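>>> quick one, what's the 3D model for this:
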Amino acid sequence: MIEWAHDELAKRGMRVTGEPKTVHEKPWATVSRIPTDDGATFVKTMIPALGHEVAVTALLARIAPALATPLIAHDTGRRFLLMEDGGERLRAIIERDHDLRHWRGILPRYAELQIAAMPAVDDLIAAGCPDMRASALPAVFEEIVSDDTLRTIAAPGDATPLDLAGLRALVPRVRAWCDELAGTVPETIQHDDLHDGQVFLRDGHARVLDWGDANLSHPFCSLVVIERSIGYSFDLEPGAPELLQLRDEYLEPFTALAPRARIDAAVRLALVIGRLVRALTWMRVTSALPADQREADAVSGWFALFVEAAATL
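All right, here's what the predicted structure looks like:
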């Protein structure tokens, strides 16, 4: 990976000025920093199950170059991404200055990216982006809960026991909810892990990075992780006025596509379906890892959150 990055940098006349340093290492992905005479660059690789991230990132970089990953080069076959420095992580800014205002203006930019990607759904599918759209999600969910395979991923010893019977009982309701969501606003790329660790700012300009968990689904499913993350960081309860204000900022760009009443109805459903989508994302990642590296409690935990939210509809 490092040798490939050096070659790509040399092709672009960028001279490496120091040793690479690993800055992010998880069982599913690794990122290294490479200093150059034109600033820091970053090279990333990921496990085969997340290999679609390379093609998806490259496509988003073409669709919305000012909003997504600042890409230098990529190699789809070897699962390599070479990126410019996106700037300072929003999380570091919030840790230094614990002020919710730092989120202001970021979510509308993410909405703009989602809207820009709507015409490219077929290209994103071709790039390998997981299909969690309303037309596909019910069948995916039904297949996963049809036998006991899920138990081998979400281990019985987890802190949150897995209720397969309860999940199976929700299959017809998931179909009905997806039917309601279909056509509210066009489906598109959905980051599925958008929190302050995925947003980077440079010269006041925000970008969303790290598309390994992304899928194609209803755009408002993103609100699940966004609101849980912000709520946790700032000790806000669900539905707090501060969260609703940020939600309104995010939703505003979509009012060009649908009436606000239809948008609000879709949000109510997406906050439930989004928990299912997040559970399926965790299952996809976890099942690709060796048993001793799996975060199985995240799988059962997200399914439990889905069941809890489903009870509110």
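
>>> where do the strands sit along the stretch 51-200 of the chain?
71-75, 80-84, 88-89, 188-190, 199-202 (DSSP state E, counting those that start in this stretch).

>>> please identify the most buried of those strands.
strand 188-190 (a mean of 27; mean count of other CB atoms under 10 Å). To be clear about C-beta, it is placed using only N, CA and C from the backbone, and glycine gets the same treatment.

>>> what's the mean pLDDT across it?
Throughout strand 188-190, pLDDT has a mean value of 98.

>>> so what touches it?
56, 60, 113-115, 117-118, 121, 124, 129, 132, 211, 214-219, 221-222, 277 (CB atoms under 8 Å, 6 or more residues apart in numbering).

>>> who does that strand pair up with?
Strand 188-190 pairs in its sheet with strand 215-217 (antiparallel), by DSSP bridges.

>>> domains in this structure, by residue range?
According to automatic domain parsing, the chain comprises the domains 1-84, 86-310.

>>> worst mean pLDDT across the helices and strands of the chain, which element?
Taking mean pLDDT, DSSP states H and E as the measure, the chain has helix 149-153 as its least confident helix or strand, at a mean of 77.

>>> in it, what counts as buried?
Neighbour-count burial for helix 149-153 flags 150, 153 (criterion: 16 or more other CB atoms under 10 Å).

>>> does residue 167 really touch residue 303, like I thought?
Yes: if you go by CB atoms under 8 Å, residue 167 and residue 303 touch, sitting 6.3 Å apart.

>>> can you put the strands of the stretch 51-200 of the chain in JSON lines and add distance to residue 175?
Formatted as JSON lines, these follow (distance: least, CB to CB, whole Å):
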{"stretch": "strand 71-75", "distance to residue 175": "37"}
{"stretch": "strand 80-84", "distance to residue 175": "37"}
{"stretch": "strand 88-89", "distance to residue 175": "39"}
{"stretch": "strand 188-190", "distance to residue 175": "19"}
{"stretch": "strand 199-202", "distance to residue 175": "34"}
